[in-house]
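What follows is a predicted protein model with its sequence.
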Amino acid sequence: MRKPKVGRMFLATCVGSLFMVILYFQNITRPAAEQSGGKGIAPGKTRRSPLQTLYNGDQVTSFRMAPFYHALNLDLSAVQTSLRGRRELLEEACLTHTKKRRVLTPDDLRHLIVDDKHGLLYCYVPKVACTNWKRVFMVLTGDGRYHEPLAIPANEAHVAGNLRTLSEYSTSEINRRLRSYLKFIFVREPFERLVSAYRNKFTRSYNTAFHKRYGTKIIRRHRPQPQPDALERGNDVSFQEFVYYLVDPRTQREEPFNEHWERIHSLCHPCLVHYDVVGKYETLEQDSRSVLRLAGADGEVRFPTSGKSTRTNGDMAAQFFQNISPFYQKKLYNLYRMDFLLFNYSNPEYLKTR
């Protein structure tokens, strides 16, 4: 007569253990904003912060918890699972490929744009839809002057002072925002981004400032017997010459890379700043909607889905690499290797590094 009772006790123990495991993982994934009473949003805000919304959702979509929730026949959000997976892969890559830790400096935070109204920190990366994201932030943080992102001229979106960066705050204000705001970044396949930067800055006639600033130097150093007109104008740099310039040890000894071809990990420091969302250019619209939904701002603004773009694809990047020797392909890959590793991009099929 005792067997049914033992069976019920065993079942109750299993259910209780499952509950404790769920509670444990909820505690270790709880965001700082939630633990501090939701004070991450600007004063006067009482709604749930984006950080709380994300990590509360992660309690259901966590890879660790997935088997338990499947056992309970609960559906997992594909988008949330994808974002969670990218974050965990980035954390694992940082542990595997970076050895030294250091303290962040204000100079490290110049690319982190702040939205105090919605509790957001966005690290902008040139050639990864950063113009449109800056436009969106101008709408979100503005005083009502802007309503439609694409109505904002591209050059105005890049004017210093239109948006605040984290480097402008005091140390205590920086730390509070890093703890309690939703931090996100958008990344792109490194060589597609590089080709996009080259096309935009060196093949467009209107980019005379880049031609003068960088083109003349590249031609002077890496073109045998350049013509006087090319030395003067710098407007016909080839992709091959651009690659020579990037891998030349003198280039970085003299000055940092321009932000348009600087490595993403050097701009946004993903192994020092814990990014909650890693969006990808390849899934730009879907990931952008997710960020705005987490911020509760999807009713205020829509991420632009049209407008001028220098978007490239693997085929176009492959065409540009046709004339790059395997020796220089390998040197260039080594230069951008950390971006491939940290953001889980596989080596391009066209790459010849052996």
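Sure, I can see it.

CA only for contacts and neighbour counts going forward, please
OK.

Let me see the contact set for H269.
Contacts for H269 (Cα atoms under 8 Å, 6 or more residues apart in numbering) come out as D108.

Any chance of the backbone angles for it?
Per-residue torsions, H269: phi 50, psi 60 (degrees, to the nearest 10).

quick one: it and Q286, what's the gap?
Counting by Cα to Cα, to the nearest Å, the separation of H269 from Q286 is 24 Å.

care to break this protein down by domain?
3-76, 106-187+266-294, 191-261+311-342 (automatic domain parsing).

Of these, which stretch is the most buried?
domain 106-187+266-294 (a mean of 19; mean count of other Cα atoms under 10 Å).

residue ranges of the strands in the stretch 101-250 of the chain, please?
112-115, 120-123, 182-187 (DSSP state E, counting those that start in this stretch).

Quick one: low-confidence residue ranges for the chain.
Along the chain, the model assigns pLDDT under 70 to residues 1-48, 57-77, 306-314, 354.

how about 50 then?
1-7, 9-46, 60-66, 68-76, 307-310 (pLDDT under 50).

okay if I get the domains of the chain as CSV plus distance to T98?
As requested, the domains of the chain are exported to CSV (distance: least, Cα to Cα, whole Å):
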stretch, distance to T98
domain 3-76, 23
domain 106-187+266-294, 8
domain 191-261+311-342, 9
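
Select, out of the ones you listed, the one closest to Y350.
Closest approach to Y350 among those is made by domain 191-261+311-342 (5.9 Å; Cα to Cα).

and A151, what does it touch?
By Cα under 8 Å, 6+ apart, A151 has no neighbours at all.

What segments of the stretch 51-200 of the chain are helices?
Under the criterion DSSP state H, counting those that start in this stretch, helices of the stretch 51-200 of the chain are mapped to 66-71, 78-97, 130-141, 154-157, 171-180, 190-202.

Reformat the ones you listed as CSV; add distance to P106.
CSV is the format used below for these (distance: least, Cα to Cα, whole Å):
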stretch, distance to P106
helix 66-71, 39
helix 78-97, 21
helix 130-141, 20
helix 154-157, 22
helix 171-180, 9
helix 190-202, 26
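
Looking at those, spot the one closest to F239.
Using Cα to Cα, the helices of the stretch 51-200 of the chain put helix 190-202 closest to F239, at 7.0 Å.

I'd like to know which elements that closest one is packed against.
Helix 190-202 is packed against helix 314-321, helix 326-342, with contacts defined by 3 or more Cα pairs under 8 Å, 6 or more residues apart in numbering; DSSP states H and E.

go with 10 Å
helix 208-210, helix 239-247, helix 314-321, helix 326-342 (3 or more Cα pairs under 10 Å, 6 or more residues apart in numbering; DSSP states H and E).

quick check, distance from it to the centre of its chain.
17 Å (Cα atoms, centre = their mean, to the nearest Å).

ok, now stretch 165-174?
With Cα atoms, centre = their mean, you get 20 Å for stretch 165-174.

what's the first-to-last distance across stretch 279-289?
End to end - Cα to Cα - stretch 279-289 spans 10 Å.

Can you give the contact residues for that stretch?
Residues outside stretch 279-289 that contact it (Cα atoms under 10 Å, 6 or more residues apart in numbering) are 79-80, 82-83, 86-87, 127-129, 133, 184-189, 193, 277-278, 290-291, 293-295, 297-298, 301-305, 311, 313, 343.

my guess is P50 meets D115, correct?
No: the pair P50 and D115 fails to qualify as a contact (Cα atoms under 10 Å) at a distance of 11.6 Å.

quick revisit: out of the strands of the stretch 101-250 of the chain, which is closest to L54?
strand 182-187 (8.4 Å).

mind listing what that closest one pairs with, with the direction of each?
strand 120-123 (parallel), strand 277-280 (parallel) (DSSP bridges).

Can I get the ones you listed in TSV including distance to R220?
Output for those, formatted as TSV (distance: least, Cα to Cα, whole Å):
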stretch	distance to R220
strand 120-123	34
strand 277-280	36
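
nearest to A93, of the ones you listed?
strand 277-280 (13.5 Å).

how far does that closest one sit from the chain's center?
5 Å.

if we can go back for a sec, let me know which of the strands paired with strand 182-187 is the nearest to N207.
Among the strands paired with strand 182-187, the nearest to N207 by Cα to Cα is strand 120-123 (24.4 Å).

Give me the contacts around that closest one.
For strand 120-123, the external contacting residues (Cα under 10 Å, 6+ apart) are 40-41, 49-51, 109-115, 130, 133-134, 137, 165-166, 177-178, 180-187, 264, 267-270, 275-277, 291-292, 294-295.
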